[in-house]
Every structure is written in structure tokens, then in C-alpha cells.
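>>> starting from these lines, generate the structure:
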Amino acid sequence: AYNHSCAPTVHMSLLTGCLCARLTRPVKSGEELTISYIDLYQSRAVRQAQLHASYKFRCACARCAPGRGTACVEDDELGAGLCARRGCGGLVLSSACAR
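As a prediction, this is how the structure comes out:
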């Protein structure tokens, strides 16, 4: 069994009737292997609410840890659009987090 993380080390997928597990990044010997129980492309607040409603816990992974300064930035990036200026490739942020 795998525990949950919003920054999982393993991605599970079903391919032609076979459950496949692939690492999302290199892991160290003895490091816990984790999966996500929910859709990761949501804000921290939505992820926390879903985990609490469905699994009765609050996530404290690297993306959700209280006081983590980049959580607001990540939430903003999830809802961002791509810059329309030719060759830019950047993100257009609209969150109150940026203020």
C-alpha cells in the first residue's frame, strides 16, 4: 500500500489491463514511495478539502506543509494562462497571492 502525497514519488496507471507504477523522480534508498489519492492540478485548499472529506486527514507533504512560502505561488501557477506575447512562454498570474 502507498501513502498519499501531493508531490508523489510514484505515478500509477492502467495500461492494457496491467497496473503500472513509475517513479516521478529519482528516489533515495529507504525513501517512502507515495502516490496521489486525488487530482494534483487543484489548489492546496481544494486538495486539502477533498482529502479531508474522502480520507479524513489533512496532507502535510512538501507541497502542503503549513508555512511553505511557495504553496500560494503553486496555486497561482495552476490557474495561470500562457502569455500571448510571441516567444514569451511565461505565465499570466491573476491570484491575490501575487499582491
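>>> part of a helix, is residue 51?
Yes - note on residue 51: a helix contains this position according to DSSP: H, G, I helix; E, B strand; the rest coil.
>>> in a helix, residue 46, correct?
Yes - using three-state DSSP, the secondary structure at residue 46 is a helix.
>>> please tell me how far it sits from residue 63.
Computed with C-beta to C-beta, to the nearest Å, the distance linking residue 46 and residue 63 is 13 Å. (C-beta placed from N, C-alpha, C; glycine too.)
>>> before we move on, what about residue 33?
Plainly put, residue 33 is 17 Å away from residue 63 if you go by C-beta to C-beta.
>>> residue 46 and residue 63: who's more crowded?
Looking at residue 46 and residue 63 with other C-beta atoms under 10 Å, you find the greater number of neighbours at residue 63, namely 18 against 14.
>>> for residue 19, which three-state class applies?
Three-state call for residue 19 (three-state DSSP): strand.
>>> and it, how many neighbours?
By other C-beta under 10 Å, the residues close to residue 19 number 8.
>>> over to residue 7?
15.
>>> let's see the pLDDT reported for it.
At residue 7 the predicted local distance difference test score is 89.
>>> in this structure it contacts residue 62, no?
Yes - Residue 7 sits in contact with residue 62 when judged by C-beta atoms under 8 Å, with a separation of 4.7 Å.
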